[in-house]
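A.B. asks: got a predicted model here, sequence first, then my questions.
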Amino acid sequence: MIEASPKDFRGGNTRHARNCRLAHSQESSFVRAHYPISEFATDLLSAANGRISQEMANILAAGSAEIPAWLSAHGALLQPWAGGQIPWSRKTAFFLGGGKTLLNALYAAARKAGIDVIYDSEVLSLHFGNSALHEVTVDHDSQIERIASRSIVACSGGYQANVGRLREYWGHAADNFIVRGSRYATGRILAQLWSAGAEPAGDPADCHLVPVDARSPQFDGGIVTRVDGLADGVVLDGFGRQLYSGLPADTPRQFSIWGRVIAASPGQCAYLVQNRDVLASRHASFFPPIDTASAAAATSLIPAGIRQSDIVRTGTGIVTPLRPGISFTGLGLKVDPLARPIWRSVGRAGIFAAGMIIAGNFFRGKYLSGLGTTIGIVLGRIAGREAAQYALS
C-alpha cells in the first residue's frame, strides 16, 4: 500500500471519524433498536433525491451489516452504548477510541497479514499497460520508483485539499474554506483516471460543508473544530446582517446547510452571537468563544458590524467566528458493483476504486451520518477482494 502521508497522518479522513452507518436486525451492545437493510437503502436514495443507483444503494446497505464482525475479526471494536458516553442512535455505531484507534488496529492487522505500507510516498502517475500489467510512478523520499502491478486499487479520496480544483466550482470563495481532514486529498489520481477515460460520478456542487471555528488550522482540525449550537443564537455576517439556514432549528441537516450559507456570505466568514448563559449547555469545541465582556478581545477579534449588535454592545454575549469547513468532495469515479471504474471507451482491466474517491455513487448533496466510513469499509472490502482475485487469476 502506498501512502502519501507520513505515518502519523495515515488513513486520510478516517483519523477524524467517530462512527459508521450500519444496518442491523436487532439491538446489540453497540447499536440500539433495529435498522433494516431496506431502510438504509431507502435513506440513501431519499438523501440523493433518487440520483444514485438502487443496486449500489442495496450493495452498500447489505455490506454495512457485516461491518461489526469484520472489524472485530481485525482487532477493531465498537463503543458500547451502556456507559452513556455516546448519543442514542439506531443507525450508527461509534468506534471505541475513535478513528485513530480504528486505524491503528487495521494497520496492525495489515502488517500481520504481510501487507507492506510505504509512507511519505506520492503516486505521481499511472501507466496502463495493454497486457493489463500496469505501472505506478512513485516519489518516495525524493527518489522516483516505478512499480509494476496486475491490479491497482485507487483509494486516494477526493480533492478537498486542492484549492485550485475547488475554485472551478466555488470560485475564489474556495480560498477561504478550511479543510477539516487530510491535506493529502488533492485529487491527483482521480484526475488521471478521468483523463484516462474513467466516467465521473457526482456533481462538483456536492461536498460536505459544515460551520467550523474560523480560528481552526487550515488542515486536519477534525471534529473538534466544528461549532454546535447555532440554533441557540443568531448568525451574522461581517456587516452585522443576520443569516438564516431556512430550516427549523432541530433539523438534523442544520450542519451541512449552515456550511453552505457561510460559504455564500461575504468573505466566507460569519459570527455566532449567543447569550453567555448558553455556555452551560453548549458542546465544547477546541476554541473558547470570545467573551464580549472583554473590551480588548471584542475590539481585536470582532468586526465593527458585529460589535454594534445589542448583545455585544452590552457585554452580555459570546461570539464565535465561523468559516465553512470542507470534509470531502462528492465528484469522483463511477464504479460497478465490483468496484471497477466505468470507462467511456477502452476498458482498463485490473483497476478498482474504493473510499471517498467513489463518493458520488452514494452521496448527492445530503450527507447521512457515518456514511463516509461505511463506504470505505464496504467498498474497500469489495475492491480488495476483486483486485486480489484478478492479480492471482
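C.D. replies: It's in.
A.B. asks: ok, which stretches of the stretch 151-300 of the chain are strands?
C.D. replies: 152-154, 178-179, 200-201, 207-213, 234-237, 242-243, 270-275, 290-291 (DSSP state E, counting those that start in this stretch).
A.B. asks: show me what the lengthiest helix in the chain is packed against.
C.D. replies: Identified as the longest helix of the chain according to DSSP state H is helix 371-392. Contact partners of helix 371-392 among helices and strands, from 3 or more C-beta pairs under 8 Å, 6 or more residues apart in numbering; DSSP states H and E: strand 19-21, helix 54-64, helix 67-73, strand 152-154, strand 351-353. Bear in mind the C-beta positions are built from the backbone N, C-alpha and C, glycine included.
A.B. asks: surely residue 183 and residue 161 touch.
C.D. replies: Yes: in this structure residue 183 lies within contact range of residue 161 using C-beta atoms under 8 Å: 5.0 Å.
A.B. asks: returning to what we had before: just the strands of the stretch 151-300 of the chain: most buried one?
C.D. replies: Counting by mean count of other C-beta atoms under 10 Å, strand 207-213 has the highest mean neighbour count of the strands of the stretch 151-300 of the chain, with a mean of 27.
A.B. asks: okay, the helices and strands packed on helix 371-392 in CSV with mean pLDDT and distance to residue 30 next?
C.D. replies: Output for these, formatted as CSV (pLDDT from 0 to 100; distance: least, C-beta to C-beta, whole Å):
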stretch, mean pLDDT, distance to residue 30
strand 19-21, 98, 10
helix 54-64, 98, 13
helix 67-73, 98, 7
strand 152-154, 98, 28
strand 351-353, 97, 29
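A.B. asks: quick one, which of these is nearest to residue 239?
C.D. replies: strand 19-21 (37.7 Å; C-beta to C-beta).
A.B. asks: by contact count, what packs against the closest one?
C.D. replies: On a contact count with 3+ C-beta pairs under 8 Å, 6+ apart, strand 19-21 meets strand 92-94, helix 371-392.
A.B. asks: least confident secondary structure element in the protein?
C.D. replies: helix 295-301 (a mean of 70; mean pLDDT, DSSP states H and E).
A.B. asks: ends of stretch 306-323, what's the gap?
C.D. replies: 15 Å (C-alpha to C-alpha, to the nearest Å).
A.B. asks: point out where the chain drops to low pLDDT.
C.D. replies: Along the chain, segments meeting pLDDT under 70 span 131-132, 248-253, 295-297.
A.B. asks: give me the domain ranges for it.
C.D. replies: Listed domain ranges for the chain are 7-159+330-392, 208-326 (source: automatic domain parsing).
A.B. asks: who wins for proximity to residue 199 among those domains?
C.D. replies: Per C-beta to C-beta, nearest to residue 199 of the domains of the chain: domain 7-159+330-392, 4.1 Å.
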